[in-house]
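Colleague: Sequence first, predicted model second:
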Amino acid sequence: MTTPVATSELHRLEEPRRGFSLGQYLTCLMGVVWREGLRFLHQRERFISALVRPLVWLLIFAAGFRSVLGVSIIPPYDTYVLYEEYITPGLVAMIQLFNGMQSSLSMVYDREMGNMRILLVSPLPRWFILVSKLMAGTAVSVIQVYAYLLIAWLWGIEPPKLGYVTVLPALVMSGMMLGALGMLLSSMIKQLENFAGVMNFVIFPMFFASSALYPLWRVQETSPILYVICQLNPFTYAVELIRFALYCQVDWKSLGIVFGCTAVFLAGALIAYDPSKGLIGRRGAA
Amino acid sequence: MSCAPALLIEHVTHAYGERVALDDVSFTVARGSCTALLGLNGAGKTTLFSLVTRLFAARRGRISVFGFDIDRDPGEALRRLGVVFQARTLDLDLSVAQNLRYHAALHGLGGREAKARGAEMLARMELSGRAGEKARHLSGGQMRRVEIARALLHAPRLLVLDEPTVGLDINSRAGILRHLRALVAQTGLTVLWATHLLDEVEPTDEVVVLHKGRILATGSAQVVIAAQGKKDIGGAFSALIAEPATADAESPQ
């Protein structure tokens, strides 16, 4: 079509090397985590509200219900525990649930503002970009959880010291599961305004129909149907995984279910963000 | 790969539901050329850019960048591609330097290399003094120049810009086009930019006329003008889009 510019006069652009090194993948991952961290630091209100929400449950709700809702000896506890102690793992999972949905909100916002495009035109594989984003969101949620656990410790909730270490892999697993769910939802939400629906149809049902606030045997006594729903709810297993890990134990069933759900949600999100298969491309909404 | 055009678009068709946005679109962009994709609003320019940048995949047809198929080998195609979208895509809460650093990381560039390239690109865009400022404090023209600097950070060989000058004042428009043409002349970069502002086109530029999702003409601006028997590209463009889209209006290559 046209005569290219004479090569002798140019500082020619070099032909890039083919493929990407491990270092380039790591650079990309660190960049995505760094950006998510910066966003988190810029949104101090987000950090405060992430802490206030579970603390209201811990300091007000649990204190009020302590005498009403006794908890008998059930694994992983080897003695009777106060209600505050029982709901702490549920509130930890609640932080991660809200963080996962917050990440989903951020992705919808980024899509509306156009920032998402910069992410999606990266030459690194899209699955890697999305997994990096997921890991970044999980890292942020883990920081929030440890801040909450510190305040809970000051309030007298004292799991074994080693539990603060053994809970970390469980937090990563549950954070990844809930983040992947958020990512999948973000592909389905057309506009930011629709996010209220996520609150009503995802966050609240998942939280309340789980073992976060009351043991499942109590639910079974009062409502067999709700018991079945709680058992079908992946969030229940995130809570139990965290509960056992906080007391230096592994609930293998919960681990398996959380792992499986993470794989399913992530696969759904990858398909949704795949340009040739996903919903994003079909709507032209990226 | 060595002789493949910078951009090859073959029989690309795309629809949103029942609405056909691109209908059997084919054209090439030669290496080292400065090509304007001309079309009115709704012509299909942004859809075409979304397909070229693999935001979504074409329903039919093939797109390749320097010989790398965008669907089969997206990594190699995208690393040769720099993109400036029509909508602003800077993170307004980050500084100019942070925006560049983030983009560099997404292309696997980090550390000193990313910093040096960022500084070089900002200097090229005459924005060296603004690196530490938050993006939200820049003017529209400056934001656009930062976006161009960012798009060039990973040393792409093809730069695609979707209406980069829309909404800018006349000085900013002229400045951006001057920068782009200098880049083409100095580095051999290939540029494809979409616009409906016909006064931006120079006689030596290549043009692709897109109207209602179909290509009406391709070739150098001079050739397209001559083929339509008009004095300037504005006249040629008006003549082209006045004709039925089915007419064979292809200008000589």
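Modeller: All right, it came through fine.

Colleague: Report whether B:V83 is found in a helix, as I expect.
Modeller: No - B:V83 sits outside any helix when classified using DSSP: H, G, I helix; E, B strand; the rest coil, being strand.

Colleague: What score does it have for pLDDT?
Modeller: At B:V83 the predicted local distance difference test score is 94.

Colleague: The one 3 residues further on too?
Modeller: In this model, B:Q86 is scored at 86, pLDDT.

Colleague: Might you name the residue of chain B sitting closest to chain A?
Modeller: B:A105 (2.1 Å; CB to the nearest CB). (C-beta placed from N, C-alpha, C; glycine too.)

Colleague: For that residue, the count of nearby residues, please.
Modeller: A count of nearby residues for B:A105, using other CB atoms under 10 Å in any protein chain shown, gives 25.

Colleague: Check the one 5 residues further on too.
Modeller: The number of residues packed around B:G110, counting by other CB under 10 Å, is 19.

Colleague: for A:I225, same thing?
Modeller: Count around A:I225 with other CB under 10 Å applied: 8.

Colleague: Show me where the stretch 101-250 of chain A has its helices.
Modeller: For the stretch 101-250 of chain A, applying DSSP state H, counting those that start in this stretch gives helices covering A:115-120, A:126-154, A:163-188, A:195-198, A:204-208, A:216-222, A:224-232, A:234-246.

Colleague: on that earlier part again, can you tell me how far the residue of chain B closest to chain A sits from A:G31?
Modeller: 2 Å (CB to CB, to the nearest Å).

Colleague: residue contacts, A:V198?
Modeller: With contacts defined as CB atoms under 8 Å, 6 or more residues apart in numbering or on different chains, the neighbours of A:V198 are A:M101, A:S104, A:L105, A:L185, A:I189.

Colleague: my guess is A:M135 meets A:G31, correct?
Modeller: No - applying CB atoms under 8 Å, one finds A:M135 not in contact with A:G31, separated by 12.0 Å.

Colleague: Scan chain B for its longest helix.
Modeller: For chain B, the longest helix by residue count, based on DSSP state H, is helix B:170-187.

Colleague: For that one, give me every contacting residue.
Modeller: Contacts to helix B:170-187, defined as CB under 8 Å, 6+ apart, come from residues A:5, A:9-13, B:32-34, B:124-125, B:139-141, B:144-145, B:148, B:152, B:159, B:161, B:164-165, B:168, B:189-191, B:193, B:197, B:200, B:202.

Colleague: List, one by one, the residues from the stretch 151-253 of chain B near chain A.
Modeller: Residues of the stretch 151-253 of chain B lying close to chain A (CB under 8 Å from any CB of the partner chain) are B:155-157, B:184-189, B:206, B:218-220, B:253.

Colleague: 6 Å instead?
Modeller: By CB under 6 Å from any CB of the partner chain, the residues of the stretch 151-253 of chain B that approach chain A are B:A155, B:R157, B:A185, B:T187, B:G188, B:E206.

Colleague: The stretch 1-150 of chain B now?
Modeller: B:16, B:30-33, B:53-57, B:75, B:78-79, B:83, B:85, B:87, B:89, B:91, B:93, B:102, B:105-106, B:108, B:110.

Colleague: more crowded one of A:M135 and A:G31?
Modeller: Counted by other CB under 10 Å, A:M135 and A:G31 do not tie: A:G31 has more neighbours, with 24 against 18.

Colleague: Chain neighbours aside, what residue packs nearest to B:D71?
Modeller: Excluding the flanking residues, the one nearest B:D71 by CB to CB, 6 or more residues apart in numbering or on different chains is B:A57, at 5.9 Å.

Colleague: A:R46 is nearest to which of the helices of the stretch 101-250 of chain A?
Modeller: Judged by CB to CB, the one of the helices of the stretch 101-250 of chain A that comes nearest to A:R46 is helix A:126-154, at 9.1 Å.

Colleague: what's the burial count for residue 132?
Modeller: Defaulting to chain A. Summarising burial for A:S132: neighbours were counted as other CB under 10 Å, giving 25.

Colleague: That was the other one, I meant chain B.
Modeller: Other residues near B:G132 come to 9 when the count uses other CB under 10 Å.

Colleague: Please, which helix or strand holds it?
Modeller: When elements are defined using DSSP states H and E, B:G132 is found to belong to no helix and no strand.

Colleague: surely it meets B:S95?
Modeller: Yes - the pair B:G132 and B:S95 qualifies as a contact (CB atoms under 6 Å) at a distance of 5.5 Å.

Colleague: circling back: from what I see, the residue of chain B closest to chain A and A:Y25 are in contact.
Modeller: No - judged on CB under 6 Å, B:A105 makes no contact with A:Y25 at a distance of 10.6 Å.

Colleague: Buried residues, stretch B:75-83. List them.
Modeller: By 16 or more other CB atoms under 10 Å in any protein chain shown, the buried positions in stretch B:75-83 come out as B:G75, B:E76, B:A77, B:L78, B:R79, B:R80, B:L81, B:G82, B:V83.

Colleague: what sits against the residue of the stretch 1-150 of chain A found nearest chain B?
Modeller: Closest approach of the stretch 1-150 of chain A to chain B (CB to the nearest CB) occurs at A:G31, with a separation of 2.1 Å. Residues in contact with A:G31 (CB atoms under 6 Å, 6 or more residues apart in numbering or on different chains) are B:Y102, B:A105.

Colleague: Since that was my last question, I'll sign off now.
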